[in-house]
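Colleague: Quick one: sequence and predicted model below, then my questions.
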Amino acid sequence: NSLSRCNRILRNMEASLTARDRVGIQDFVLLDAYTSESAFLDNLRKRFHENLIYTYIGTLLVSVNPYKDLDIYSKKQMDTYMGVNFFELPPHIYALADNVFRTMQSEFNNHFILISGESGSGKTEASKKILQFYAVSCPSTKLLNNVRDRLLLSNPVLEAFGNAKTLRNDNSSRFGKYMDIQFDHQGGAVGGHILSYLLEKSRVVHQNHGERNFHIFYQLVEGGEEDLLRWLGLERNCKHYSYLVQGDCAKVSSINDKSDWKTVRKALSVIEFSESDIEHLFGIIASVLHMGNIKFDTDSRGYAALSNNQEMHWLLGIPNQVLQHGLTHRKIEAKTEEVFSPFSVDHAVFARDALAKAIYGRTFNWLVSKINESLANKDSSRKTVIGLLDIYGFEVFSVNSFEQFCINYCNEKLQQLFIQLTLKSEQEEYEVEGIEWEPVPYFNNKIICDLVEEKFRGIISLLDEECLRPGEATDLTFLEKMEEKMGGHPHFVTHKLADQKTRKTLERGDFRLLHYAGEVTYCVVGFLDKNNDLLYRYGKEVMRQSKNAIIRHCFPYSEPDTKKRPETVVTQFKNSLLGLAEILMSKEPWYVRCIKPNEAKQPAHFDDVLVRHQMKYLGLMEHLRVRRAGFAYRRKYDIFLQRWYKPLCPDTWPNWKGTAAEGVQRLVKHLGYKSDEYKMGRTKIFIRHPRTLFATEDSLQVCKHQLAFTNEFLHCVISVATKIENCWRGLLARKDFMKRRVACLLISFFPRFIKGFMTRHQPACVDNSEYLAYVRQNYLTRLKDNLPKTVLEKDRWLTPPPIMLEVSQILKKIYIRHMVRQYVRGITPQRKAQLLLKVQTSSMFKGKKENYPFSVCRPFVDTRISESTTLYCCLFGYVPVVKYDRNGFRPRVRQLIFTQEAAYLTEEAKIKQRIDYSSLKGVSVSNLSDNFLILHVLCDDIKKKGDLVLQCEYLFEALTKLSVIANKQNSISVVQGSVRFDIQPGREGFVDFKSGQESMVYRAKNGHLMVVNRINKK
């Protein structure tokens, strides 16, 4: 027992001294190579792989999204961090939240926490965790609990109406949010207020492939009660609504719309929305969906006319004729006359979408105001405030447009504010402590902010000027004006202004800004339209006739309806940012920087390139340099002495009688600190270099374990020492004996071994028999430990010596045959059938079609359709497809079913077309990476349907099954360029295939169906 106790203490001491190397440093300020991005990244990676997702830079918290649940957010964890010194426990978001709260209470001033990072980095979750911590840690009464519940439940409501699935994040905030939490003098949460910024209204009418509209639309359709849907005129199928199917991913495995719907309904009740408000609110949501399904035809005069009559008019309470007229006409005022000008179809679609965006955007603002009314504090006495700012991070995509320009401008302003506030807080701390302030060199991004926002010369001013000036203003004229005004600016370049090398990386409609976080290239197309975001005045007048109370509130008669143009989107955003900056400058700042470790949302995967990029645009290295410009470490005297290092000096251990400052002075003198390594402030000690602190820390670890050597332990050591001495003497004697024995053996063996080596290539004889036996034994021993694990590793056979060459070949054949036999015995009949199909696929497509290699690892299955839609007949295979109409190429979701005699194209259980295998002339596919196939059928009768143009996600699986069932292996053609197909006898169409930057399918101007395949950069 005594020996094991001794070993355990020694192991603990060693572990304490080496733990820092294994899990990294928990405060980057203590990083010795603080200017090295690689050292920063390495420390972050170490902690991430140990599930330590939080790290400090001083009081700034860096959070890395783990993409898995960690058991670090329990009520027990909250209790652990309540009322504890900020640096006493490992970094945690609870530590930051608690420190902000206690500082606010002790100093009675206002604070804010800025949470930033790119989409998917965990900003929204961080905001929730802070709110949950305050909900648990704050004093509790019935009134305070009501406020707490409303604060917590405002989140799911705002997420439903303001969040959406994007390519990077299944719950991406599509607006910026600033929430004030108000506390009374006892620390109870008594109210709140929310500000929203730049809602992405364009998402209402358009979503990119793989993205969804705002969550609330899907929650209503999937989770709404039957009576509610019937009253709203909705069907429980998102695919029936144009505004919900453009991204082609209405259902997402990580999102439960039905469950989220229940949460939102409960939250609306708790936040005190009346039944009338809820009824009108969902009436508006349903109206937007119906509005998206409105179609326009061209009348006899060439103007737009409604081709279908949606149920939107009675949901909004607007007379049907008035609404139809408002969607197809524009009112022009000329002095005392009013003239209604009819729209063309394109203008009508534009007006419809603009109205839908305006209705949703204004309803969202009403929703925020309504939540603020519920959170309002009725007590007029002074309150302290903690603000939470959850704002978009810096964005760089393959194509960057107006939205990215606004978001990155916002990040430039916040970076400017961030550096100013950080420098200000550092300088104030030095002044309070009486330490001389040393100026800190840093990159001042004011030159970039001025480039964007300077009056009359900035990009915003030029954009507004182009939007407001009469005449033919276009995106390209805006680009030309920027080139004229900003030519020669070091942070601005276009195709025209660039040198020969840079020009190759820019399109003619691009401009590039050198932000503090790096270069971003913006495509100018769409800037003017998105900045205008115009809604025709007549559309507002129509909305004012609504009986829906929310619509009347959103389109009030008091709203100025003059001919003067409203403020542009970017100007509104600029003004709201200025207002936000004023709010933040009046409060004490705290920061949470969220980092996404990889794009695939995989746990335990750390992408160095991606994280390094985020480190740069989040300004982490800049912040670290500011914090390290003077002293890396500072602590109050009593904490430094009493809680940590007093055992290191005999004068301060175990009890120090004088003041804490005197004790610290005595301690650092004993430790031998040099005068330039530390400074003594009024209440704190400042240590310049981390290595000084680490040396002190290591000395403390050694000292702790030395103190553990009590009298009992020393007695144990003495008794153990005798045993160790006996064992040691015996060990030395055995070692000496073994040396002598080995020497004797070597003397007798070496001559024979050397002679055997020299004659190893001769036939076996007395001289080399022992050596050859050794070679055989050694080879077989090594071979046993290095046998291939699978048939695929058969070439990794250990190279034999010449004497074992023949034996090795025999053994290799036997072993490979053994592995093959084991593998074959393990193959099921189903697996064998799959492999035969895969061989068939390879013979048809290997080396011919670009995306064939990606299909090899995807197993074939019997069906790709859910059991609920399976037909009760003898089927040999069925897959979901998208069929493109022969006239107009409109996409329609269908199922392709293979039977013994024919293939069927169905819509659910309804057969749309039968293709007999005998009439199937052939199948054409392109050599690119798309999933299109064209079925060529005999079409000798004008009444018969022509060739089929289909898109199938499981292309190789479908064509392989078709070739086997119909015996059409030689009828499948892989073509390059274009494919001709018969629309009907005597009438032909074409599908053109090409490569591009993004995957697209559209009808080209020449009437062909254009399929653009994304270029595979790998």
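Modeller: Good, I have the coordinates. Numbering: from 1, shown residues only.
Colleague: what about the strand or helix carrying Glu431, average pLDDT?
Modeller: Counting by DSSP states H and E, the element that carries Glu431 is helix 402-433. Mean pLDDT, computed over helix 402-433, is 79.
Colleague: Just give the number of residues close to the closest residue to Gln219 other than its chain neighbours.
Modeller: Excluding its sequence neighbours, the residue lying closest to Gln219 (CB to CB, 6 or more residues apart in numbering) is Trp261, at 4.1 Å. No exception for glycine: its C-beta is placed from N, CA and C like everyone else's. Around Trp261 there are 21 other residues, counting by other CB atoms under 10 Å.
Colleague: Give the other helices and strands that the strand or helix carrying Trp261 contacts.
Modeller: Per DSSP H and E: Trp261 is located in helix 257-270. Judged by 3 or more CB pairs under 8 Å, 6 or more residues apart in numbering; DSSP states H and E, the packing partners of helix 257-270 are helix 142-162, helix 215-223, helix 275-292.
Colleague: Now render those helices as TSV, adding mean neighbour count.
Modeller: Shown next, in TSV, are the helices and strands packed on helix 257-270 (neighbours: other CB atoms under 10 Å):
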stretch	mean neighbour count
helix 142-162	19
helix 215-223	24
helix 275-292	21
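Colleague: And Val64, its phi and psi?
Modeller: phi -110, psi 130 (degrees, to the nearest 10).
Colleague: ditto for Pro319
Modeller: According to degrees, to the nearest 10, Pro319 has phi -50, psi 140.
Colleague: what residues go with each domain of the protein?
Modeller: 402-533+568-579, 639-705, 711-759, 761-823, 831-1014 (the TED database).
Colleague: And these, which one averages the lowest pLDDT?
Modeller: domain 639-705 (a mean of 68).
Colleague: just how off-centre is stretch 596-604 within its chain?
Modeller: Relative to its chain's centre, stretch 596-604 lies at 8 Å (CA atoms, centre = their mean, to the nearest Å).
Colleague: Let's see that stretch as PDB, backbone CA atoms only.
Modeller: The C-alpha trace of stretch 596-604 is given here as PDB (Å, rounded to 0.1, in the frame of the first residue of the first chain):
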ATOM      1  CA  LYS A 596     -17.200  26.200 -37.000                       C
ATOM      2  CA  PRO A 597     -14.600  23.400 -37.000                       C
ATOM      3  CA  ASN A 598     -15.700  21.900 -40.400                       C
ATOM      4  CA  GLU A 599     -18.200  22.300 -43.200                       C
ATOM      5  CA  ALA A 600     -19.700  18.800 -42.900                       C
ATOM      6  CA  LYS A 601     -21.000  19.200 -39.300                       C
ATOM      7  CA  GLN A 602     -19.000  16.200 -38.200                       C
ATOM      8  CA  PRO A 603     -17.900  15.700 -34.500                       C
ATOM      9  CA  ALA A 604     -14.100  15.300 -33.800                       C
END
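Colleague: thinking again about what came up before, check which residues of the helix holding Glu431 are buried.
Modeller: 402-419, 421-423, 425-426, 429-430, 433 (16 or more other CB atoms under 10 Å).
Colleague: same deal with stretch 470-481?
Modeller: Those would be Ala473, Asp475, Phe478, Leu479, Lys481, for stretch 470-481 by 16+ other CB under 10 Å.
Colleague: what do you get for stretch 256-276?
Modeller: Asp257, Asp260, Trp261, Thr263, Val264, Arg265, Ala267, Leu268, Ile271, Phe273.
Colleague: The third one touches Glu225, doesn't it?
Modeller: No. Applying CB atoms under 8 Å, one finds Trp261 not in contact with Glu225, separated by 9.3 Å.
Colleague: show me what contacts the residue nearest to Gln219?
Modeller: Taking CB atoms under 8 Å, 6 or more residues apart in numbering as the criterion, Trp261 is in contact with Gln219, Leu220, Glu222, Gly223, Gly224.
Colleague: then stretch 162-171 to CSV, C-alphas only?
Modeller: Taking Å, rounded to 0.1, in the frame of the first residue of the first chain, the C-alpha atoms of stretch 162-171 are listed here in CSV:
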residue,chain,number,x,y,z
GLY,A,162,-36.6,34.5,-38.8
ASN,A,163,-34.5,31.3,-39.2
ALA,A,164,-34.3,29.0,-42.1
LYS,A,165,-32.3,26.0,-43.4
THR,A,166,-29.3,27.0,-45.5
LEU,A,167,-26.5,25.0,-47.1
ARG,A,168,-24.3,25.6,-44.1
ASN,A,169,-26.8,25.5,-41.2
ASP,A,170,-30.2,23.8,-40.7
ASN,A,171,-31.2,26.6,-38.3
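Colleague: contacts for it?
Modeller: Here stretch 162-171 has contacts from 118-120, 124, 159, 172-175, 177, 196, 199-200, 203, 207-208, 210-215, 247, 249, 252, 254-255, 364, 596, 599, using CB under 8 Å, 6+ apart.
Colleague: Leaving out chain neighbours, which residue sits closest to Val964?
Modeller: With CB to CB, 6+ apart, the residue lying closest to Val964 is Gln840, at 6.5 Å.
Colleague: count of neighbours near the one you found?
Modeller: The burial count assigned to Gln840 is 17, neighbours taken as other CB under 10 Å.
Colleague: Which of the contacts of stretch 162-171 fall in strands?
Modeller: Ser172, Ser173, Lys177, Ser196 (DSSP state E).
Colleague: Tell me, how many residues neighbour the first one?
Modeller: Residues contacting Ser172 under the criterion other CB under 10 Å number 22.
Colleague: what's the distance between it and Lys596?
Modeller: Ser172 is 12 Å from Lys596, where distance means CB to CB, to the nearest Å.
Colleague: and for these two, which residues touch both?
Modeller: In contact with both Ser172 and Lys596: Gly120, using CB under 8 Å, 6+ apart.
Colleague: hey, where'd the helices end up in the stretch 901-1018 of the chain?
Modeller: Taking DSSP state H, counting those that start in this stretch, the helices of the stretch 901-1018 of the chain run over residues 955-966.
Colleague: sorry, back to before: if we take the ones in strands among the contacts of stretch 162-171, which one ends up nearest to Leu1009?
Modeller: Nearest to Leu1009 among these is Ser172, at 31.9 Å by CB to CB.
Colleague: check contacts around that closest one.
Modeller: Ser119, Gly120, Asn163, Ala164, Lys165, Thr166.
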